[in-house]
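Enquirer: Fold the following and give me the result.
(2 chains)
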Amino acid sequence: MVLPFHLCSHVQNSFRARHKSICVPHTTQNLAILSVLLRTGFLQNVARGTTAQASPEQFHEVGDAQRRIWADLKYREDRPVLSSMSLISKPSKKIYMTSKEILRLCSGRRVQSQKPLRMGEIAVVRTDSKEHEWLEAREAVQLGLEGEVICRAM
Amino acid sequence: MLRLTKHAFNNFRPLQSSLPAMRARVLSVTSIRCNSSLPPTPTDISSSAHEFESDLLEEVEEDFEEEAEVQETFRWPNLMERDPILDDVEITNFGTSKQSPYSNSVTWRNKEDPKDADRESNSQFPEDRDDAKPYLLSTTRPSLISHRYVLVRKRVTQQTGKGKMHSQAILVVVGNGNGLVGYGYTTHPTDLAYAISKATEEAIRSMDRVDRFENRTVWSEMESKFSSTRIILRPRPVGFGLRCNPYIHQICKAAGIKDISAKVWGSKRPTQVIHCAIRMLQGGNAPLAMGNGFGGPGKRTAAGVGMRGAADIERERGRRIVPLRA
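Expert: Below is the predicted model of the structure:
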């Protein structure tokens, strides 16, 4: 499994450089994390495409190597909506949390030496559930699911 | 003055002017051909002069008619009667007291300016009322600057070829205790009081809103660095108080923040700490052309994102923020 730190830094740097959209390799992990960002309001649009452009039709015509995911970045009031995105669970130290621990994290208390989520901050959680595999932290709390806390975005 | 003259005009009358005397004056001017000492007769006057004289006489008659209309309303003042405006007098009597055995009285004449009589005493706008005070010092409306703290007072020196030039440097933080705070920094070679008042003016001009959670604390943990000063501000529950650096304490008091926890790392230079803290609390952002070279690079002191409240974040993402505090 490719580590998500590349996606975190790519999204953060693109926002700071004020790019219109980003283009990342087409993997389930990338698609899932970008979907969580879209659900929580950081991105304007997520679409499949090719190396050339975002196009769901042409996506089916090219091979795996040319397939990409395109995401349109969101700017409001002359500011980027996403200011920082960073890893929580690293290869050197994996972070797995129960539903209660994720609740603590969302409520402003430290868990497993991790700083709590600030106001407006989200965290992406990967669970073992087949139906709800990639969730935002508060969604995981609502569904009572536990899993690996992948990254945080603000 | 206009009202006074109108009042006088309506109540007083001049002497009536006489038309025959005016007529004689006109005729003496136009009768140039008359050489004898006798009064002129109509046959002595030439035709052109006659026409001129008749025009002039017509004008004089018109003027006299106007004057006659005016004279009907004009009369001399009756000095035996008391005039309500001109004879109005306010007498204050100071009787004997413990401090002095003598009694005195003070008489105010022409105390009320007649033009002030037009002012509405019960205007809905406080500025129009008789007891209107300057805006900033008004006690009827909420005070704009209820907090003013002189936080830095130091003697700064400029070394020149001819010697040292000393100045007094003042930093003043100003706030209304309910969401507005600003700071001003000035120097003056000699006058300390002048420097303080100038710094206060600058501080008022630099005031900006502070977005607060429940009107008492910051929204989330905020960390910022300015020069060699690093500050973190943390929100705290009700009744916690201001447990922070003394300069941040005064700033929070002026801004109306009641519960906060803060830590300053690195340099604790007052000017830097104050600038960094106020930059974090105010909701401003750097100017658009900051640092891209157009119009020159941006000032380091103008940088800073500032505080973003829940409403700002909700608006930009298009999602509600649901707090999950137990």
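
Enquirer: and the residue of chain B nearest chain A?
Expert: Of all residues in chain B, residue B:317 sits closest to chain A, at 3.0 Å by C-beta to the nearest C-beta. Every C-beta, even on glycine, is put in place using the N, C-alpha and C of the backbone.

Enquirer: ok, that residue - contacts?
Expert: A:40, A:41, A:42, A:74, A:81, A:120 (C-beta atoms under 8 Å, 6 or more residues apart in numbering or on different chains).

Enquirer: Can you sort out which of these also neighbour chain B?
Expert: Among those, proximity to chain B is found for A:40, A:41, A:42, A:74, A:81, A:120 (C-beta under 8 Å from any C-beta of the partner chain).

Enquirer: Closest to residue A:131 out of those?
Expert: Among the ones next to chain B among the contacts of residue B:317, residue A:40 lies closest to residue A:131 (C-beta to C-beta), at 19.3 Å.

Enquirer: coming back round to it: just the contacts of residue B:317 now: which is nearest residue A:11?
Expert: residue A:42 (8.3 Å).

Enquirer: so the residue nearest to that closest one when sequence neighbours are not counted, which of the three states?
Expert: The shortest distance from residue A:42 to any non-neighbouring residue, by C-beta to C-beta, 6 or more residues apart in numbering or on different chains, is to residue A:82 (4.6 Å). Recorded secondary structure, residue A:82: coil (DSSP: H, G, I helix; E, B strand; the rest coil).

Enquirer: Residue A:82 - how many residues pack around it?
Expert: 22 (other C-beta atoms under 10 Å in any protein chain shown).

Enquirer: same deal with residue A:7?
Expert: Residue A:7: 25 surrounding residues under other C-beta under 10 Å.

Enquirer: give me every residue that touches it.
Expert: Counting by C-beta under 8 Å, 6+ apart, residue A:7 touches A:24, A:29, A:30, A:33, A:34.

Enquirer: Now intersect the residues you listed with the helices, please.
Expert: In this view, those that belong to helices under DSSP state H are A:29, A:30, A:33, A:34.

Enquirer: which one of these sits closest to residue A:18?
Expert: Nearest member of these to residue A:18, counting by C-beta to C-beta, is residue A:34, at 18.6 Å.

Enquirer: Look at residue A:80 and say how many residues are nearby.
Expert: So residue A:80, with other C-beta under 10 Å, has 18 neighbours.

Enquirer: who does it bridge with?
Expert: residue A:75 (DSSP bridges).

Enquirer: tell me the contacts of it?
Expert: With contact set as C-beta under 8 Å, 6+ apart, residue A:80 has these partners: A:15, A:16, A:18, A:73, A:74.

Enquirer: what's the closest of those residues to chain B?
Expert: Distance to chain B across these (C-beta to the nearest C-beta) is lowest for residue A:74, with 7.9 Å.

Enquirer: sorry, back to before: pull up the per-residue confidence for the residue of chain B closest to chain A.
Expert: Residue B:317 carries a pLDDT value of 94.

Enquirer: Taking the contacts of residue A:80, tell me the two that lie furthest apart.
Expert: A:16 and A:74 (13.5 Å).

Enquirer: Let me know the secondary structure of residue B:324.
Expert: Relying on three-state DSSP, one would call residue B:324 coil.

Enquirer: From residue A:102, how far off is it?
Expert: 10 Å (C-beta to C-beta, to the nearest Å).

Enquirer: Which one's more surrounded, the two?
Expert: residue A:102 (26 against 17).

Enquirer: so the more buried one makes contact with residue A:143?
Expert: No: contact status for residue A:102 versus residue A:143: not in contact, 10.4 Å apart, counting by C-beta atoms under 8 Å.

Enquirer: hang on, the earlier thing: and the furthest pair within the contacts of residue B:317?
Expert: A:74 and A:120 (13.8 Å).

Enquirer: and the two? which has more neighbours close in?
Expert: Set residue A:74 next to residue A:120 and count neighbours by other C-beta under 10 Å: residue A:120 wins out with 23 against 19.

Enquirer: Model confidence score at that one, please.
Expert: We have a pLDDT of 90 for residue A:120.

Enquirer: wait, what's in contact with the spatially closest residue to it that is not a sequence neighbour?
Expert: Nearest residue to residue A:120, sequence neighbours excluded (C-beta to C-beta, 6+ apart): residue B:313, at 4.2 Å. Residue B:313 sits next to A:119, A:120, B:321 when contact means C-beta under 8 Å, 6+ apart.

Enquirer: Kindly reformat the residues you listed as TSV containing distance to residue B:172.
Expert: Shown next, in TSV, are those (distance: C-beta to C-beta, whole Å):
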residue	distance to residue B:172
A:119	32
A:120	34
B:321	36
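
Enquirer: that older thread, would a markdown table of the ones in helices among the contacts of residue A:7 with neighbour count, pLDDT and distance to residue B:62 be doable?
Expert: Shown next, in a markdown table, are the ones in helices among the contacts of residue A:7 (neighbours: other C-beta atoms under 10 Å in any protein chain shown; pLDDT from 0 to 100; distance: C-beta to C-beta, whole Å):
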| residue | neighbour count | pLDDT | distance to residue B:62 |
| --- | --- | --- | --- |
| A:29 | 18 | 95 | 104 |
| A:30 | 20 | 96 | 100 |
| A:33 | 23 | 97 | 98 |
| A:34 | 22 | 97 | 95 |
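
Enquirer: now, which of those residues sits nearest residue A:52?
Expert: Residue A:52 has its nearest neighbour among these in residue A:30, at 18.2 Å by C-beta to C-beta.

Enquirer: How about the contacts made by residue 104?
Expert: Looking at chain A here, since you left the chain open. Contacts of residue A:104 by C-beta under 8 Å, 6+ apart are A:110, A:111, A:116.

Enquirer: ah, I was thinking of chain B
Expert: B:93, B:94.

Enquirer: beta partners of it?
Expert: So, taking DSSP bridges as the rule, residue B:104 has residue B:94 as bridge partners.
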